[in-house]
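Trainee: sharing a model that was predicted from the sequence below.
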Amino acid sequence: MSPAPTAVAFFDIDNTLLKGASLFHLARGMHKGGLVSNRDIARFAWKARHFARHGENLSHLDEIRARATELASGIPVVRMDALAREIYDRYTESALWPESVALARQHIAEGHEVWLLSATPQVLAGLIAERLGLTGAGGTKLVEVDGHLTGEIDGKLMHGAQKAVIAAEIAERAGVEPGECWAYSDSLNDLPLLNFAGHPSVVNPDRGLREHALANGWPILEHRGDRKRA
């Protein structure tokens, strides 16, 4: 049996572990597969560029998420799984921030559990964790009926306060106190998660989170160097 973890680290994905929105990578893959129109992908691309430059805009991301899940309606689950793997190889891997990947792997090397918590669909969040050798991921789950996606969200969106709820559950299962948890995010919307962890750090923070981190003496990490394949 593996020894019990001494700590748990939680990483956001978008603009924390990789540049921009992972959901846009999913949309690109769906477009390549003929599941997303040119008009949709152009609109998604504009909003994704805005996110990468200026940080999280909830109305933009909600629109992309709602439209992407709608377009996923009727897709066989096995096809979406295969598509997620193609998307990772084609788009996601090259967008990873190497400094963030190294930090996550350092936690693993020290015997910590490392979980990704993201509003991106579970199929993609879980695959990123798998490929990077991390403990696991909590993403937004989609409803499946008879082996097909319905275009609806199963349960709550993995965002904001919900991340803190799931982080608390994971830490409890691991037998780790909040004071021995680490959290990394770029967005002020993740304050519930950052406040839950005894060791919060901000990565490529948006303006609001940067100001909050400075006021509270939190570490500020700038992981914007040249990207490379992990």
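Mentor: Yes, it's here. Everything numeric in this text was worked out from a predicted model, so none of it was measured. Numbers count the residues shown, from 1 in each chain.

Trainee: only C-alpha atoms for contact and neighbour calcs from this point on.
Mentor: OK.

Trainee: could you look up the SS state of the residue nearest to residue 85 when sequence neighbours are not counted?
Mentor: Once flanking residues are discounted, residue 85 sits nearest to residue 127: 7.2 Å by Cα to Cα, 6 or more residues apart in numbering. Following DSSP: H, G, I helix; E, B strand; the rest coil, residue 127 is assigned to helix.

Trainee: and residue 127, how many neighbours?
Mentor: Residue 127 has 18 neighbours, counted by other Cα atoms under 10 Å.

Trainee: so where does residue 93 fall, helix or strand?
Mentor: Assigned by DSSP states H and E, residue 93 belongs to helix 93-95.

Trainee: what's the first helix or strand after that helix?
Mentor: Per DSSP H and E, the first helix or strand lying C-terminal to helix 93-95 is helix 98-109.

Trainee: list the neighbouring strands of whichever helix or strand comes after that following helix plus their orientation.
Mentor: In the C-terminal direction, the helix or strand that comes right after helix 98-109 (DSSP H and E) is strand 113-121. Here strand 113-121 is paired, per DSSP bridges, with strand 8-11 (parallel), strand 136-140 (parallel).

Trainee: a markdown table for the ones you listed, including distance to residue 114?
Mentor: What follows is the strands paired with strand 113-121, written out as a markdown table (distance: least, Cα to Cα, whole Å):
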| stretch | distance to residue 114 |
| --- | --- |
| strand 8-11 | 5 |
| strand 136-140 | 7 |
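
Trainee: these two touch, right, residue 139 and residue 128?
Mentor: No. At 10.8 Å, residue 139 and residue 128 do not qualify as touching, with contact defined as Cα atoms under 8 Å.
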